[in-house]
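Peer 1: okay, predicted coordinates and the sequence, questions at the end:
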Amino acid sequence: MLSHELSANQIKEKIVKREITAQEVVEDLFEWINLMEPLIKAYLYLDKDGALLKAKEIDKKLSNGDKVGLLAGIPVAFKDNICTAGMKTTCGSKILENFIPPYDAFVVKRIKEEDAIIIGKTNLDEFAMGSSNENSAFHITRNPWNTDCIPGGSGGGAAAAVTADMAFMALGSDTGGSVRQPSAFCGNVGCKPTYGRVSRYGLVAFASSLDQIGSVTKDVSDAALLLQVVSGHDGFDSTSATVGVPDYISDIDSVDGNLRIGVPKEFFGEGLNPEVGSAVMDALEIYKRNGAELVDLSLPHCGYAVATYYIIATAEASSNLARYDGVRYGHRSQLSEDNIIDMYSRVRAEGFGSEVKRRILFGNYVLSAGFYEAYYLKASKVRNLIKNDFEDAFKKVDCIISPTCPTPAFRIGEKITDPLQMYLSDIYTIPANLVGIPGISVPCGFTNTGLPIGMQILGKHFDEEKILKVAKLFENETDFHLKKPELN
Amino acid sequence: MDISVKEIEHIANLSRITLAVDEKNIFAKQLTNILDYIEKLNELDTDDVQPMAYATSLKNVFREDELKSSFSRQEILELSPSSANGFFKVPKVIE
């Protein structure tokens, strides 16, 4: 097996045991990336020189017998809306095309401290707004399982890179499913922790009450490892939680014998692709054989989640994206500037793509005088009803299992002209963001055309430990996570 | 409810985005579709429901008011597309 095909935990073990050097791992990885990248186009930026430098540093530490970090020698990629000091961070947008942040995001700082190697920045829908990667201002990333299909969004670049063995693990952001949905479409493990579990400092803001940093990995143990490193309180993000971080790694194989799994009927109804539905039902049978009790549930307000989300997310985005004015950083129009309002309006017209403009317009519409109560306030109230649904459910069950997405990956161009249809592909992932609970998508099957299917496990606030264990139990019983696309 | 081209022009101005004529027409149609979908929230009676702004129970988070180091003026101005004499440069705003 070539080194880039191994999991993050496996490669780290080999590096730490000196069976392979970090430098060899990075050289092999970039050789593979050079072959695959023209086909997949997962990256917006690659830093081979920086990666080799860091690799040599780790090799030196190891040969000196120095202590190394939890992620020693593991090549990691970041979605390009996470700030990396001295490395371009574009958000997939023309407006930040040449932006080089002067500081590292909290999660970047943490993985550096643990001796990971940063290899580059992955493609995304502009400002993480989209479900297909087609909204990137630079290029479309392709699904490694079928290059005519989208990899999902907004973190499609990260998911495609991990699936195609072009990164061992990646960090992204999940505002309405942007880690879980592409992970389901590309067949890897995508984990969105509880709101506040991981600091958002240095994550470019989209919708601040929904945004959360999450991991894209080859298996569940890798997710536990990465989450262990990036979780915890950070004074630079006042919404980051002070709740203690448990050990996600050591006991991952020990699930309670009397596990109760909620199966919400609203997630198995109209609009669900039958192949996806039956793969998830088969997965539930595996849990049942392993002693879990399946509990039929209703989350009656989840049918309103997408409508609620598109009011709240666009309202917050319209405020967050007001900062792109061409003054302090980013794009500045080359046209003449008679007055400052025209300058702002030109900068934003030239710098933002259609989906971002659409969401800013819609967000300002729902917040504007006369409409606030009918839309934003209404949505904030429905959000509470959805939260109550989950609180009631978690009185009866330990976790909830559903499909991650209603369909497998769709074809490039299939939904791009109909924004509403695109939004509906996030119908099962959005509730977790509105409520703030953790969720993980794990591969649970393939369609007969060979596209991966993802299963979503949702847990209580700050119960990442449980959903990781539940995910690991399934992984121990199946081999879907080991399947790789044929790339040549 | 329909969003008219005139309303699109109004919110485009609020949003500080110049739109081309064809963009206005497309956005009017697309936002009308999205608004139609969102109207389904009116099926729910929410008179007695409290609004929820955040998914956490955090209230105000305070910290000590301590002096800490930050970026230099030079580092920050280097990010700007237009600066002069230690300031950001913009079109004249005061007559």
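Peer 2: The structure has been received and is ready for your questions.
Peer 1: centroid-nearest residue for chain B?
Peer 2: B:Ser15 (6.9 Å; Cα atoms, centre = their mean).
Peer 1: now the one residue in chain B that gets nearest to chain A. Nearest residue, chain neighbours left out?
Peer 2: Here the residue of chain B nearest chain A is B:Ala55; by Cβ to the nearest Cβ that distance is 2.4 Å. The way it works is simple: take the backbone N, C-alpha and C, and place the C-beta from them, glycine included. Nearest residue to B:Ala55, sequence neighbours excluded (Cβ to Cβ, 6 or more residues apart in numbering or on different chains): A:Gly436, at 2.4 Å.
Peer 1: same deal with A:Glu37?
Peer 2: A:Tyr43 is the one closest to A:Glu37 (Cβ to Cβ, 6+ apart), at 6.3 Å.
Peer 1: send the alpha carbons of stretch A:239-250 over as CSV?
Peer 2: The C-alpha trace of stretch A:239-250 is given here as CSV (Å, rounded to 0.1, in the frame of the first residue of the first chain):
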residue,chain,number,x,y,z
THR,A,239,-19.0,31.9,21.8
SER,A,240,-16.4,29.1,22.3
ALA,A,241,-17.5,26.8,25.1
THR,A,242,-15.9,26.4,28.5
VAL,A,243,-17.2,22.9,28.8
GLY,A,244,-14.3,20.4,29.4
VAL,A,245,-13.1,18.3,26.5
PRO,A,246,-13.3,14.5,27.2
ASP,A,247,-10.9,11.9,25.8
TYR,A,248,-12.4,11.1,22.4
ILE,A,249,-9.7,8.6,21.5
SER,A,250,-9.1,6.0,24.2
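Peer 1: report the secondary structure element holding the spatially closest residue to A:Gly459 that is not a sequence neighbour.
Peer 2: Spatial nearest neighbour of A:Gly459, excluding adjacent residues (Cβ to Cβ, 6+ apart): A:Ile467 at 4.0 Å. A:Ile467 belongs to helix A:464-477 when assigned by DSSP states H and E.
Peer 1: buried stuff in that helix?
Peer 2: When burial is assessed from 16 or more other Cβ atoms under 10 Å in any protein chain shown, helix A:464-477 yields the following buried residues: A:Glu464, A:Glu465, A:Lys466, A:Ile467, A:Leu468, A:Lys469, A:Val470, A:Ala471, A:Lys472, A:Leu473, A:Phe474, A:Glu475.
Peer 1: from these, which is closest to A:Ile11?
Peer 2: Among the buried residues of helix A:464-477, A:Glu475 lies closest to A:Ile11 (Cβ to Cβ), at 18.1 Å.
Peer 1: check contacts around A:Ala164.
Peer 2: A:Met36, A:Ile40, A:Ala42, A:Pro144, A:Pro485, A:Leu487 (Cβ atoms under 8 Å, 6 or more residues apart in numbering or on different chains).
Peer 1: so the last one sits in a helix?
Peer 2: Pointing back at A:Leu487 there. No: with DSSP: H, G, I helix; E, B strand; the rest coil as the criterion, A:Leu487 is located in coil rather than a helix.
Peer 1: ok, it touching A:Met36?
Peer 2: Yes: if you go by Cβ atoms under 8 Å, A:Leu487 and A:Met36 touch, sitting 6.1 Å apart.
Peer 1: looking at those two, which has the bigger crowd around it?
Peer 2: Higher neighbour count among A:Leu487 and A:Met36: A:Met36, with 20 against 16, using other Cβ atoms under 10 Å in any protein chain shown.
Peer 1: following element in sequence after the helix ranked longest in chain B, please.
Peer 2: The longest helix of chain B (DSSP state H) is helix B:21-38. Later in the chain than helix B:21-38, the nearest helix or strand by DSSP H and E is helix B:73-77.
Peer 1: for that next one, what does the pLDDT average out to?
Peer 2: Per-residue pLDDT over helix B:73-77 has a mean of 95.
Peer 1: buried ones in it?
Peer 2: B:Leu77.
Peer 1: and for stretch A:14-26?
Peer 2: So, applying 16+ other Cβ under 10 Å, buried residues of stretch A:14-26: A:Lys14, A:Ile15, A:Ile20, A:Thr21, A:Ala22, A:Gln23, A:Glu24, A:Val25, A:Val26.
Peer 1: what packs against the one helix or strand the last one maps to?
Peer 2: So the one you mean is A:Val26. If you go by DSSP H and E, A:Val26 is part of helix A:22-40. Contacts defined by 3 or more Cβ pairs under 8 Å, 6 or more residues apart in numbering or on different chains; DSSP states H and E place helix A:22-40 against helix A:8-16, strand A:43-46, helix A:48-63, strand A:75-79, strand A:117-122.
Peer 1: export these as TSV, with columns for distance to A:Ile150.
Peer 2: TSV is the format used below for those (distance: least, Cβ to Cβ, whole Å):
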stretch	distance to A:Ile150
helix A:8-16	25
strand A:43-46	17
helix A:48-63	27
strand A:75-79	16
strand A:117-122	14
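Peer 1: contacting residues around B:Arg73?
Peer 2: B:Gly86.
Peer 1: which residues sit against the helix holding A:Ile467?
Peer 2: A:189, A:191, A:193-194, A:197, A:219-221, A:223-224, A:227, A:231, A:246, A:248, A:251-255, A:259, A:261, A:283, A:286-287, A:290, A:398-399, A:438-440, A:442, A:444, A:455, A:457-460, A:481.
Peer 1: with stretch A:49-63 instead?
Peer 2: Contacts for stretch A:49-63 (Cβ under 8 Å, 6+ apart): A:15-16, A:18, A:21-23, A:25-27, A:30, A:67-68, A:72-73, A:75, A:87, A:115, A:117-119.
Peer 1: also stretch A:316-333?
Peer 2: Contacts of stretch A:316-333 (Cβ under 8 Å, 6+ apart): A:94-97, A:99, A:127, A:129, A:205-210, A:343-344, A:346-348, A:350-352, A:356, A:359-364, A:367, B:15-16, B:76, B:79-82, B:88, B:90.
Peer 1: give me the buried subset of these.
Peer 2: Counted by 16+ other Cβ under 10 Å, these give A:94-97, A:99, A:127, A:129, A:205-207, A:209-210, A:343-344, A:346-348, A:350-352, A:356, A:359-364, A:367, B:15-16, B:79-81, B:88, B:90 as buried.
Peer 1: out of the residues you listed, name the ones that lie in helices.
Peer 2: Those of those mapping onto helices are A:343-344, A:346-348, A:350-351, A:356, A:359-364, A:367, per DSSP H.
Peer 1: keep those residues, but drop any that are not near chain B.
Peer 2: A:Met343, A:Tyr344, A:Arg346, A:Arg348, A:Ile360, A:Leu361, A:Phe362, A:Asn364 (Cβ under 8 Å from any Cβ of the partner chain).
Peer 1: can you verify my assumption that A:Ile312 contacts A:Asp211?
Peer 2: No: contact criterion Cβ under 8 Å: A:Ile312 and A:Asp211 do not qualify, at 11.7 Å.
Peer 1: quick check: mean pLDDT across stretch A:144-156?
Peer 2: Here the average pLDDT along stretch A:144-156 is 97.
Peer 1: burial of A:Val68, as a residue count?
Peer 2: Around A:Val68 there are 17 other residues, counting by other Cβ under 10 Å.
Peer 1: which stretches of chain A form strands?
Peer 2: A:43-46, A:75-79, A:117-122, A:169-173, A:189-192, A:213-217, A:260-264, A:293-297, A:399-403, A:439-446, A:452-458 (DSSP state E).
Peer 1: now render those strands as JSON lines, adding mean neighbour count and mean pLDDT.
Peer 2: What follows is these, written out as JSON lines (neighbours: other Cβ atoms under 10 Å in any protein chain shown; pLDDT from 0 to 100):
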{"stretch": "strand A:43-46", "mean neighbour count": "21", "mean pLDDT": "98"}
{"stretch": "strand A:75-79", "mean neighbour count": "29", "mean pLDDT": "98"}
{"stretch": "strand A:117-122", "mean neighbour count": "27", "mean pLDDT": "98"}
{"stretch": "strand A:169-173", "mean neighbour count": "30", "mean pLDDT": "98"}
{"stretch": "strand A:189-192", "mean neighbour count": "32", "mean pLDDT": "98"}
{"stretch": "strand A:213-217", "mean neighbour count": "30", "mean pLDDT": "98"}
{"stretch": "strand A:260-264", "mean neighbour count": "19", "mean pLDDT": "98"}
{"stretch": "strand A:293-297", "mean neighbour count": "15", "mean pLDDT": "97"}
{"stretch": "strand A:399-403", "mean neighbour count": "26", "mean pLDDT": "98"}
{"stretch": "strand A:439-446", "mean neighbour count": "28", "mean pLDDT": "98"}
{"stretch": "strand A:452-458", "mean neighbour count": "28", "mean pLDDT": "98"}
